[in-house]
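Student: give me coordinates for this.
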Amino acid sequence: MHAIQGNVFRVVKYFLFIAVLLFPSQNIDAQHANLPFPVTQRQFQLPVLKNKPRNPVLRIRITADAPVLLTGLTLTAAGTSRLRDLHTVSVYYRGTDSLAGDLASGKAKLFGAVSRPGEQMEVSGKLMLEAGTHYFWVAADLDPAASLDHLISISGTSLILEGKEGKESKTLPVPPVARPVLQRVGVAVRQHGQDGTHTARIPGLVTTNKGTLLAIFDARHDSARDLQGNMDIGLHRSTDGGATWEPIRIVLDQKEWGGLPEKFNGVSDACILVDRNSDVIYIAGLWMHGVINPEGEWVEGLNEQSDVWNHQWRNKASQPGYGVKQTSQFLLVKSTDDGKTWSKPVNITRMGKKEDWWLWAPAPGRGITLKDGTLVFPTQGRDASGKGFSTVTYSKDGGETWITGSPATMAVEVSTTECAVVQLGDGSLMLNMRSGKNKGNTGDDNGRPIAVSQDMGKTWQEHPASFGALPEPTCMASLYKHTFLKGRKERSILLFSNPNSKTHRENMTIKTSFDDGNTWPVENQVLLDEWRGRGYSCLTSVDEDHIGILYESSQADLVFQRIPLSALLNQ
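Tutor: Numbering: from 1, shown residues only. The predicted structure follows:
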């Protein structure tokens with residue numbers, strides 16, 4: 001099936017490409033000389049989401065040189081995989097503001113809408129446009145049964161203007177989209193304010209041994225701010241490949257531990273790991289009890305009215321030692337029933353942290369099971385001087401005991417933090433890391449630091465693709481190894497997702513490597529969301545032919561999309 005979807009996608013792209021060749025932008029004005037004013041339209045590479053109304057799919061700009069009464073727009077959905085995926089198509093007027101913003105806000109005025117649209121549709125309304133520039137946004141609401149493997153394409157074909165002095169209305173064709181885009185269907189797994197929770201952040205995603213998708217995240221109840229705060233680790237399950245998701249489960253919650261309010265017992269930055277040799281699934285999270293002030297002293301007398309705040313990565317907010325009043329704590333919970341229920345947390349801070357380290361924490365995202373059954377979490381921390389580092393923490397006895405490796409800073413010689421780990425074909429571990437060195441760096445050496453270990457993190461060597469192959473705006477990223485059959489031969493590829501930018505958290509992209517991360521060909525990259533979001537992401541294999549990604553999107557707190565492997569292989 002994925003081959004058929006890939007072929008349809010390529011055919012549609014081909015005809016869109018031919019349309020651009022036949023009607024290049026420099027010829028548009030001549031071709032539409034009968035328009036009394038300039039009109040342009042633009043599509044954006046954004047996810048079109050189930051569970052979310054008013055998904056922006058098209059922007060139309062009208063520059064009128066005199067007042068004109070607009071009474072309708074005609075649109076086409078040619079290129080959309082299946083028309084019944086579209087429940088409603090609406091047109092909103094945004095005045096002189098070119099940004100879509102929140103189309104439900106008072107700043108956007110509904111011009112008109114069509115329910116259950118066909119391939120050709122007319123949206124009727126009535127709006128007097130004064131001389132000047134005006135922006136309209138076309139938005140789509142999807143049917144709940146819309147397929148995650150389908151594509152959406154909506155563009156304008158004409159404007160309908162009221163005739164002067166009782167004359168008939170005029171229908172004027174508009175220039176085609178100069179850069180056609182096919183938008184992929186996704187699911188808004190978490191939206192702002194959902195379930196009474198202010199914000200969902202920090203995604204992790206795995207596929208269990210039974211094929212269930214587990215999505216984890218920070219459930220930040222009161223605000224979007226990082227620890228310390230009232231936040232727990234939430235989870236959603238999907239048993240149908242990501243099409244639908246079960247209600248939220250809170251799986252790691254320290255409640256009012258130690259007599260302090262929940263806002264002083266936050267848990268964040270979770271990482272999830274499936275033991276491929278048993279039914280056990282682990283989630284690691286970082287717990288802060290109370291607040292350590294910038295001088296490294298635990299604040300006494302905290303209550304619900306206290307507004308003191310600090311964060312484990314700021315100043316001396318986490319310190320050497322093991323106690324809850326000295327340092328942030330590393331917690332583990334586990335499930336043996338495919339993620340339905342979870343154990344009480346176990347504190348393994350003393351097991352994996354060196355006493356003189358300021359911090360030892362999970363690296364958010366996902367862990368892995370090695371070929372020999374070893375369980376590996378990517379982890380991070382602050383060393384004896386407070387400098388950030390990345391490493392791995394592993395268990396060779398099925399999760400009973402955990403050992404932490406050495407900081408990979410020995411190889412890359414810069415401060416690093418959030419990281420992702422894979423096992424390469426030769427059995428070594430590759431660690432792909434976030435670095436503050438890249439912040440504000442637009443040079444050729446902006447790139448993720450990458451290190452490799454042959455001895456479970458005791459020693460690290462810098463990888464040839466370090467600092468250059470994978471640009472970042474200083475942000476968490478996901479690195480994942482996908483295995484599949486080609487003919488009768490097993491093959492594997494590395495996949496990487498992050499905001500593909502050196503400056504901003506925008507252009508969320510999945511990249512593909514066929515040579516253990518040495519190169520990442522442009523033709524094997526898929527752009528998912530070109531607008532700005534918070535930028536964190538996590539990858540998994542939905543099945544052999546599809547890749548799943550959970551990411552912080554411009555369109556919702558957390559979005560899930562399912563990408564055919566054929567799109568990444570460019571087949």
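Student: and stretch 200-207, how far from the chain's centre?
Tutor: Taking C-alpha atoms, centre = their mean, to the nearest Å, one finds the center of stretch 200-207 at 9 Å from the center of the full chain.
Student: where are the low-confidence patches of this structure?
Tutor: Counting by pLDDT under 70, the chain has low-confidence residues at 1-34, 163-167.
Student: per-domain residue ranges of it.
Tutor: Using automatic domain parsing, the domain ranges for the chain come out as 2-186, 191-347.
Student: which one of those domains is the most hemmed in?
Tutor: Most buried of the domains of the chain by mean neighbour count (mean count of other C-beta atoms under 10 Å) is domain 191-347; its value is a mean of 19. Quick note: C-beta positions are derived from backbone N, CA and C, even for glycine.
Student: give me the distance from that domain to the chain's centre.
Tutor: Computed by C-alpha atoms, centre = their mean, the chain-centroid distance of domain 191-347 equals 19 Å.
Student: a strand runs through residue 270, doesn't it?
Tutor: Yes. Using DSSP: H, G, I helix; E, B strand; the rest coil, the assignment for residue 270 is a strand.
Student: how close does residue 40 sit to residue 221?
Tutor: 43 Å (C-beta to C-beta, to the nearest Å).
Student: I meant residue 549, not that one.
Tutor: Distance from residue 549 to residue 221, by C-beta to C-beta: 25 Å.
Student: please enumerate the strands of the stretch 151-300 of the chain.
Tutor: Counting by DSSP state E, counting those that start in this stretch, the stretch 151-300 of the chain has these strands, from start to end: 151-152, 155-161, 170-173, 183-190, 199-207, 213-220, 231-238, 249-252, 267-274, 281-287.
Student: kindly report the same for the stretch 1-150 of the chain.
Tutor: Counting by DSSP E, counting those that start in this stretch, the stretch 1-150 of the chain has strands at residues 39-42, 48-50, 55-64, 68-76, 86-93, 109-115, 120-129, 132-142.
Student: what is the last one packed up against?
Tutor: It refers to strand 132-142. When contacts are defined as 3 or more C-beta pairs under 8 Å, 6 or more residues apart in numbering; DSSP states H and E, strand 132-142 sits against strand 48-50, strand 55-64, strand 86-93.
Student: got it, and the fifth one?
Tutor: Judged by 3+ C-beta pairs under 8 Å, 6+ apart, strand 86-93 is in contact with strand 109-115, strand 120-129, strand 132-142.
Student: let me know the angle separating the longest one from strand 109-115.
Tutor: Here the directions of strand 132-142 and strand 109-115 differ by 40 degrees (axes from the mean of the first three to the mean of the last three C-alpha atoms, to 10 degrees).
Student: pairing partners for strand 132-142, with directions?
Tutor: strand 55-64 (antiparallel), strand 86-93 (antiparallel) (DSSP bridges).
Student: equivalent analysis for the first one, please.
Tutor: In its sheet, strand 109-115 lies beside strand 86-93 (antiparallel), with partners assigned from DSSP bridges.
Student: could you give the angle of the partner strand to strand 155-161?
Tutor: 50 degrees.
Student: coming back round to it: between the helices and strands packed on strand 132-142, which one is nearest to residue 243?
Tutor: Proximity to residue 243 (C-beta to C-beta) singles out strand 48-50 among the helices and strands packed on strand 132-142, at 8.1 Å.
Student: each with direction, which strands does that closest one pair with?
Tutor: Counting by DSSP bridges, strand 48-50 is paired with strand 183-190 (parallel).
Student: give me the contact list for the partner strand.
Tutor: The contact list for strand 183-190, computed with C-beta atoms under 8 Å, 6 or more residues apart in numbering, reads 43-52, 57, 85, 142, 146-153, 200, 215, 217, 236, 242-245, 528, 550, 553, 555-561, 563.
Student: next, the angle from that strand to strand 231-238.
Tutor: Counting by the same axes, to 10 degrees, strand 183-190 lies at 130 degrees to strand 231-238.
Student: now do strand 183-190: distance to the chain's middle.
Tutor: Counting by C-alpha atoms, centre = their mean, strand 183-190 comes out at 10 Å from the chain centroid.
Student: what of stretch 529-543?
Tutor: 3 Å.
Student: so what would you say the end-to-end distance of it is?
Tutor: Using C-alpha to C-alpha, to the nearest Å, one end of stretch 529-543 lies 23 Å from the other.
Student: all helices for this protein, in order.
Tutor: For the chain, the helices defined by DSSP state H occupy 2-22, 25-31, 349-352, 409-412, 565-569.
Student: tell me the phi and psi of residue 46?
Tutor: In terms of degrees, to the nearest 10, the main-chain angles of residue 46 are phi -130, psi 150.
Student: that one and residue 156, how far apart?
Tutor: Residue 46 is 17 Å from residue 156, where distance means C-beta to C-beta.
Student: ditto for residue 204
Tutor: For residue 204 relative to residue 156 (C-beta to C-beta), the value is 40 Å.
Student: residue 229 too?
Tutor: Residue 229 is 45 Å from residue 156, by C-beta to C-beta.
Student: likewise residue 143?
Tutor: 22 Å.
Student: kindly report the same for residue 174.
Tutor: For residue 174, the distance to residue 156 (C-beta to C-beta) stands at 5 Å.
Student: mind listing the shared neighbours of the two?
Tutor: In contact with both residue 174 and residue 156: 41, 60, using C-beta under 8 Å, 6+ apart.
Student: so what's residue 159 up against?
Tutor: By C-beta under 8 Å, 6+ apart, the residues touching residue 159 are 39, 62, 70, 72-73, 171-172, 174.
Student: do the same with residue 255
Tutor: Counting by C-beta under 8 Å, 6+ apart, residue 255 makes contact with 262, 265.
Student: likewise for residue 271?
Tutor: 204, 283-285, 362-367, 377-378.
Student: save those as TSV, and put in distance to residue 262 too.
Tutor: Compiled in TSV, the contacts of residue 271 are given as follows (distance: C-beta to C-beta, whole Å):
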residue	distance to residue 262
204	22
283	19
284	20
285	14
362	20
363	25
364	21
365	25
366	27
367	27
377	26
378	28
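Student: of those, which is the nearest to residue 311?
Tutor: Residue 311 has its nearest neighbour among the contacts of residue 271 in residue 364, at 14.5 Å by C-beta to C-beta.
Student: quick check: residue 62 vs residue 80, distance?
Tutor: Distance, residue 62 to residue 80, using C-beta to C-beta: 24 Å.
Student: quick one on the thing from earlier: output the helices and strands packed on strand 86-93 as CSV; include the columns distance to residue 422.
Tutor: Shown next, in CSV, are those (distance: least, C-beta to C-beta, whole Å):
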stretch, distance to residue 422
strand 109-115, 46
strand 120-129, 46
strand 132-142, 34
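Student: with respect to residue 459, which of these lies nearest?
Tutor: Going by C-beta to C-beta, the one of the helices and strands packed on strand 86-93 nearest residue 459 is strand 132-142, 50.5 Å.
Student: figure out how far the closest one is from the centre of its chain.
Tutor: In terms of C-alpha atoms, centre = their mean, the centre of strand 132-142 is set 24 Å apart from its chain centre.
Student: thanks a lot, catch you later.
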